[in-house]
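Novice: Just a sequence and a predicted model for now, questions to come.
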Amino acid sequence: MTLENNREINILNSIPKMIILELDINDTIKNHYGDTSNIKIDNNIKLNSLIDKENNEKIQLLKNSSKQIVTVNCFNKEYEVTLKNILNDTYIFYFYDITKYHDVEVQLKQSLSELTCKKEELQALFDLAGNGISILDKNGLFLYANKFFQDMIGYTMNELYSKSCISLSSEEYRESSEVAVEKAIKYGSIQNFRKICITKNGVKLNASMSLSYLKNRNEIIMITSDITNDMKYQEKLKKQVELEVSKRTEQYEVLCHQSRLAAMGEMIDSIAHQWRQPLNSMGIIIQGLKHLSNNNELNSELLKEIEEEIVEKIIYMSQTIDDFSTFFLISKKQEYFNILKSIQDSIRLIDVQLNHNKIKIKTNIQNNINLEVLGFANEFRQVILNIIHNAMTAIVDSDKKDGLINISISSNKNKITIEISDNGTGIKKEYLEKIFNPYFTTKDKGSGIGLYMSKIIIEHHMQGNLTVKNLKSGAIFTIELKQ
């Protein structure tokens, strides 16, 4: 290479991320240009004195024209090297610094590997979920269904591609299933839609479904629970209770048993509410990962954020199970417990349902009072949960948009008083004297034993008092306990 003036040399030396080496036929450096400020390169030395054998052999391949470009590691960086043969005895090698791009490539490969692992983990979680989870298009046709749903309905995924949630419904539920899909798209979601599905083997399956519409993807996530055995069990239990109640000597034991089962039924429903949001969110995340992967928008920071969000939801679901498990532990002996903590524990069990129905709870506590009482903590929580659940039902039935439950705790003369009031419709005057009677209920599907057992727990087990009366804005339950 012959340079006629300093201007050309200056231009070559100012090229960023580029080193230019001019070598003779014996690989001796005649001239060097470019970004060599941090590299010691002298003229009249052999190239192999600067570059190790392996990388030098790669460069020699360019001379043989077997390759047009090679990648080498030298001068503590990564370079792409090309060759220009000006004369027979002069070779010009261009070293372009690709270190940054190489690092990015390595990071992308690592991120892709991590993403693949996370995708497998999420897929496993999706398939191992204890409910049928499926993704539908706007017409209800199946785009995907997890293994639980496939096993439940009896169809493989390939078979489900030609099916819809409407076509799998029994004849009498097809129209209402179509309406449910339309409502999910119109309102964003529909909860606990019950119908009968027909499996591949022709078996009728009682199902409870919740649908959530993903507007950006124009798809629907559907969570399906098989409640066939639950309904059979409830029907069987109802007949059993009717038989047992006729035996007066065993009436109390039967009532206690049925009360706990009824509470368990409400708890199962609450668990479904508590889990629905994180499950829906994880389903959305799974779809989002596919979209991000297709558009090459993933990076380690975003992947870490997704991982933290999923772990947070899994921890939340695990804590929910722990809370409900603790709730059903039977207290064997009386012990001192904190009234406020027990109330807060009960509220937390149906907090999602309260929020869903836009019902607020306000708690007022008298200053400097002792909140410790002697009794059965779990049974007391059952009472509080039952009263709050009834208040929530009353507010929902009244179509109030500003539902409110007030809880007031006060103390006077070694007696603590808990008042729970709501702004629902109140209790009809003719029902007030019957409200604590066994099997008396104002609900269409109520058991009529919740308030009866609540009164038994407060007055017989904890030597307190439980009463109810109407206010202008609704009803108020009052619990009095000795301290």
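Specialist: Received, thanks.

Novice: so who does residue 85 touch?
Specialist: By C-beta atoms under 8 Å, 6 or more residues apart in numbering, the residues touching residue 85 are 91-92. From N, CA and C alone the C-beta is placed, and that goes for glycine too.

Novice: Please disregard the earlier target; I meant residue 183.
Specialist: Residue 183 makes contacts with residue 190, as judged by C-beta under 8 Å, 6+ apart.

Novice: Which segments of the chain make up each domain?
Specialist: Listed domain ranges for the chain are 6-102, 127-226, 329-482 (source: automatic domain parsing).

Novice: mean confidence score for the shortest one?
Specialist: Put plainly, it is domain 6-102. For domain 6-102, mean pLDDT is 84.

Novice: do the same with the last one
Specialist: The average of the pLDDT scores along domain 329-482 is 86.

Novice: quick check, distance from it to the centre of its chain.
Specialist: Relative to its parent chain, domain 329-482 has a centroid offset of 31 Å by C-alpha atoms, centre = their mean, to the nearest Å.

Novice: what about the domains of the chain, which gets the closest to residue 119?
Specialist: domain 127-226 (12.3 Å; C-beta to C-beta).

Novice: Ends of that closest one, what's the gap?
Specialist: End-to-end distance of domain 127-226 (C-alpha to C-alpha, to the nearest Å): 16 Å.

Novice: Please state the offset of that domain from the chain centre?
Specialist: 19 Å.

Novice: on that earlier part again, which one of the domains of the chain lies closest to residue 314?
Specialist: Proximity to residue 314 (C-beta to C-beta) singles out domain 127-226 among those, at 11.5 Å.

Novice: Just to be sure, residue 383 is in a helix?
Specialist: Yes - assessed with DSSP: H, G, I helix; E, B strand; the rest coil, residue 383 lies in a helix.

Novice: Number of residues surrounding the residue lying closest to it once chain neighbours are set aside?
Specialist: Of all residues not flanking residue 383 in the chain, residue 454 sits nearest, at 4.4 Å (C-beta to C-beta, 6 or more residues apart in numbering). Neighbours of residue 454 under the rule other C-beta atoms under 10 Å: 24.

Novice: was I right about residue 454 contacting residue 386?
Specialist: Yes - counting by C-beta atoms under 8 Å, residue 454 touches residue 386, with 5.3 Å between them.

Novice: So what's the residue count around residue 175?
Specialist: Look at residue 175: counted by other C-beta under 10 Å, it has 11 neighbours.

Novice: now it, what's its secondary structure?
Specialist: Following three-state DSSP, residue 175 is assigned to helix.

Novice: returning to that earlier point: check which helix or strand the residue nearest to residue 383 maps to.
Specialist: Assigned by DSSP states H and E, residue 454 belongs to helix 450-456.

Novice: what's the answer for residue 404, then?
Specialist: According to DSSP H and E, residue 404 maps onto strand 403-411.

Novice: If you count contacts, what does that strand end up packed against?
Specialist: Applying 3 or more C-beta pairs under 8 Å, 6 or more residues apart in numbering; DSSP states H and E, one finds that strand 403-411 contacts helix 339-349, strand 359-365, helix 377-397, strand 415-422.

Novice: what comes up buried for the helix or strand residue 106 falls within?
Specialist: Assigned by DSSP H and E, residue 106 belongs to helix 99-128. Neighbour counts using 16 or more other C-beta atoms under 10 Å place 102, 111, 115, 118, 122, 126 of helix 99-128 among the buried residues.

Novice: Any stretches of the stretch 101-250 of the chain with poor pLDDT?
Specialist: Filtered on pLDDT under 70, the stretch 101-250 of the chain yields the residue ranges 122, 125, 128, 245-250.

Novice: the strands in it, which residues?
Specialist: With DSSP state E, counting those that start in this stretch as the criterion, the stretch 101-250 of the chain has strands at 132-137, 142-145, 189-198, 204-214, 219-226.

Novice: Would you mind putting those strands into JSON lines with distance to residue 57 and mean neighbour count alongside?
Specialist: Converted to JSON lines, the strands of the stretch 101-250 of the chain look like this (distance: least, C-beta to C-beta, whole Å; neighbours: other C-beta atoms under 10 Å):
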{"stretch": "strand 132-137", "distance to residue 57": "53", "mean neighbour count": "21"}
{"stretch": "strand 142-145", "distance to residue 57": "51", "mean neighbour count": "21"}
{"stretch": "strand 189-198", "distance to residue 57": "64", "mean neighbour count": "17"}
{"stretch": "strand 204-214", "distance to residue 57": "55", "mean neighbour count": "19"}
{"stretch": "strand 219-226", "distance to residue 57": "55", "mean neighbour count": "22"}
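
Novice: Compare those and report which one is nearest to residue 462.
Specialist: strand 189-198 (34.5 Å).

Novice: Name the residues that touch the closest one?
Specialist: With C-beta under 8 Å, 6+ apart, strand 189-198 has contacts from 153, 168-170, 172-173, 176-177, 180, 183-184, 204-213, 224, 227, 272, 276, 356.

Novice: what's near enough to touch the residue nearest to residue 383?
Specialist: Neighbours of residue 454 in contact, by C-beta under 8 Å, 6+ apart: 382-383, 386-387, 436, 466.

Novice: what do you get if the cut-off is 7 Å, keeping everything else the same?
Specialist: Listed by C-beta atoms under 7 Å, 6 or more residues apart in numbering, the contact partners of residue 454 are 383, 386-387, 466.

Novice: so how far is residue 169 from it?
Specialist: Relative to residue 169, residue 454 is positioned 39 Å away (C-beta to C-beta, to the nearest Å).

Novice: again with residue 181
Specialist: Separation of residue 181 from residue 169 (C-beta to C-beta) stands at 11 Å.

Novice: same thing with residue 369?
Specialist: Residue 369 sits 56 Å away from residue 169 when distances are taken as C-beta to C-beta.

Novice: Look at the two and report which has more neighbours.
Specialist: residue 169 (22 against 15).

Novice: Quick one: residues contacting the more buried one.
Specialist: Listed by C-beta under 7 Å, 6+ apart, the contact partners of residue 169 are 177, 195, 197.

Novice: now, which of these sits nearest residue 392?
Specialist: Each of those was scored against residue 392 by C-beta to C-beta, and residue 195 proved nearest at 25.4 Å.

Novice: Tell me what the closest one is bridged to.
Specialist: Residue 195 has these beta-bridge partners by DSSP bridges: residue 207.

Novice: before we move on, back to that, can you list the domains of the chain in TSV and add distance to residue 310?
Specialist: Formatted as TSV, those follow (distance: least, C-beta to C-beta, whole Å):
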stretch	distance to residue 310
domain 6-102	31
domain 127-226	13
domain 329-482	19
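
Novice: Please identify which of those is closest to residue 240.
Specialist: Here domain 329-482 is closest among the domains of the chain (C-beta to C-beta), at 13.1 Å.

Novice: So residue 79 is in contact with residue 100, correct?
Specialist: No - using C-beta atoms under 7 Å as the test, residue 79 is too far from residue 100 to be in contact (11.8 Å).

Novice: Residue 352 and residue 394: what is the separation?
Specialist: Look at residue 352 and residue 394: by C-beta to C-beta, they are 19 Å apart.
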